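Engineer: A predicted structure for the sequence below; I have some questions about it.
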2 protein chains.
Amino acid sequence: MKISTKGHYGVQAMFDLAQRYGEGPVSLKSVADRQDLSEHYLEQLFAGLRKAGLVKSVRGAQGGYTLARAPAEIKVGDIIRVLEGPIVPVECVSEDPEQCMKAEFCITRSVWEKVRVSIEEVLDSITLADMCKDSEESRQNRNFSMYYI
Amino acid sequence: MKISTKGHYGVQAMFDLAQRYGEGPVSLKSVADRQDLSEHYLEQLFAGLRKAGLVKSVRGAQGGYTLARAPAEIKVGDIIRVLEGPIVPVECVSEDPEQCMKAEFCITRSVWEKVRVSIEEVLDSITLADMCKDSEESRQNRNFSMYYI
DNA sequence: AGATAACCAAGTAAACTAGTAGGGATTAAC
DNA sequence: GTTAATCCCTACTAGTTTACTTGGTTATCT
């Protein structure tokens, strides 16, 4: 019941881009440095994200990646689905119309279905803009408490 | 974002035991036959379930396994945690008190935390008794519609 | 021209998955 | 007391996945 480093790092990196949205292309090297990740590994993740239309790339010196849409228009679920594949706790509970033979007779299946829906609800309710907002608030709270120490 | 066959088969098998609760020990062979699973593989799963105190075993001929508690007292989450380990979408978001160094600075972490909580809420809200009840209702609905065809 | 970057293909060590194989110990039924 | 059923235990394994690394090529800015 885990997501892999692809999804984990991918969301971190996309969040990094979101925090710099509107400031021009951001190089993967800078993302890798800030987030302490392998640049070459990030390249692989961004190949997928680009093909899925979540980021745009600019090649050459001073190039890099930018979000293809505003942070408010990109859900964490979008990123996870690209990097981890569809959200499916067990095979017979896909997001697509059913293919499980015993679908209507299988009771355990309804458990996984509920799990799937609940994960999707969480991941699709959080946008990169939400994360930027949380980050800003968390930063201010830290300054605030430091002020009173 | 998947659970393995351990958790999948484990819940199926425990549900099978729940449907026969009070009827004496149920052999893994019969479970394996009904659920179309490998008996030997189930043995491994039940070794863990027994050590965790979710089932009791009776050795020898006419032996088998029974639930250690009433179906209403066993949550799907109990089974999953035994067979899949703790519910932790990414390493730094364990159910135990925190160990992630950057816990308070890490925004993406709060996303995984929400995912973890939502999965736990689902899995801990469903007991084996609930599944038996759903199964009974589903069976009756099928009979009901057949009656009118 | 040279540096900076995205892009691409392939390899790889380690871990994990989903079992299988082969026995031993215990007990009910005959 | 023999047999068959059943749990119990250890080990092995083929295949897949994970989390990268290596080693380039191509495009663009200065």
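Structural biologist: Received the coordinates, thanks.
Engineer: does any bit of stretch A:2-13 sit next to DNA strand C?
Structural biologist: No: Stretch A:2-13 lies out of reach of DNA strand C by CB under 7 Å from any atom of the strand, never closer than 7.9 Å. All C-beta atoms are positioned from the backbone trio N, CA, C, and that covers glycine.
Engineer: for that stretch, which outside residues touch it?
Structural biologist: Residues outside stretch A:2-13 that contact it (CB atoms under 8 Å, 6 or more residues apart in numbering or on different chains): A:28, A:31, A:35, A:37, A:41-42, A:45-46, A:49, A:76, A:79-80, A:82-84, B:1, B:88-90, B:108, B:111-112.
Engineer: tell me the mean pLDDT for that stretch?
Structural biologist: The pLDDT scores in stretch A:2-13 average 96.
Engineer: again with stretch A:110-126
Structural biologist: 97.
Engineer: is the closest residue to DNA strand D within chain A in a helix, a strand, or coil?
Structural biologist: Closest residue of chain A to DNA strand D, CB to the nearest atom of the strand: A:G60 (2.1 Å). With DSSP: H, G, I helix; E, B strand; the rest coil as the basis, A:G60 sits in coil.
Engineer: residues near it, how many?
Structural biologist: 7 (other CB atoms under 10 Å in any protein chain shown).
Engineer: still on that earlier bit, which of the contacts of stretch A:2-13 come close to DNA strand D?
Structural biologist: Okay, of the contacts of stretch A:2-13 touching DNA strand D (CB under 7 Å from any atom of the strand), that's A:Y41.
Engineer: show me the strands in chain A, by range?
Structural biologist: In chain A, the strands defined using DSSP state E lie at A:55-58, A:64-67.
Engineer: and A:C92, what pLDDT?
Structural biologist: As predicted, A:C92 sits at a pLDDT of 77.
Engineer: show me what stretch A:66-84 is in contact with.
Structural biologist: The contact list for stretch A:66-84 (CB under 8 Å, 6+ apart) reads A:3-4, A:6-7, A:10-11, A:14, A:17-18, A:21, A:24-26, A:45, A:48-49, A:52-56, A:58, A:87, A:120, A:123-129, A:131-132, B:1, B:111.
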